[in-house]
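> no FASTA, just this:
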């Protein structure tokens, strides 16, 4: 019963009952990415939607699907025979705000200690 109410009233836990009904009536499944997100088109390809697997986070959309979602291309990545170059890395979600976020050297959030000041700094005086 709890899951029913969560699906009925919240969108951040997945898709709602209304979204499921809309996609059942008007949606055409286009494809799925490597993360498990499912993509749909509706109403003569004027609306494009994504159903996230897990938490709804737009940074989980790979570059090819992002271009399709924002109408930068009309060809979905599943219809292309694109092979990534050797130097291209696989898509990674944005980790900002999580424990896995990048923290540069000297940041107060790193486990490393900041190097001691050596005294070679001279402040400017007018």
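That came through, no problem. Since this is a predicted model, take the numbers as computed values, not measurements. Numbers count the residues shown, from 1 in each chain.

> after the lowest-mean-pLDDT helix or strand in the chain, heading C-terminal, what element do we hit next?
Among the helices and strands of the chain, helix 2-9 carries the lowest confidence by mean pLDDT, DSSP states H and E, at a mean of 71. Once the chain leaves helix 2-9, the next helix or strand it forms, by DSSP states H and E, is helix 17-26.

> need the contact list for residue 80.
Counting by C-beta atoms under 8 Å, 6 or more residues apart in numbering, residue 80 makes contact with residue 64. Where C-beta positions appear, they are placed from N, C-alpha and C, glycine not excepted.

> that one and residue 51: what is the separation?
Using C-beta to C-beta, to the nearest Å, residue 80 is found at 21 Å from residue 51.

> same thing with residue 85?
Counting by C-beta to C-beta, the gap from residue 85 to residue 51 is 29 Å.

> got phi/psi on residue 38?
For residue 38, the backbone dihedrals are phi -110, psi 130 (criterion: degrees, to the nearest 10).

> again, but for residue 41
According to degrees, to the nearest 10, residue 41 has phi -130, psi 150.
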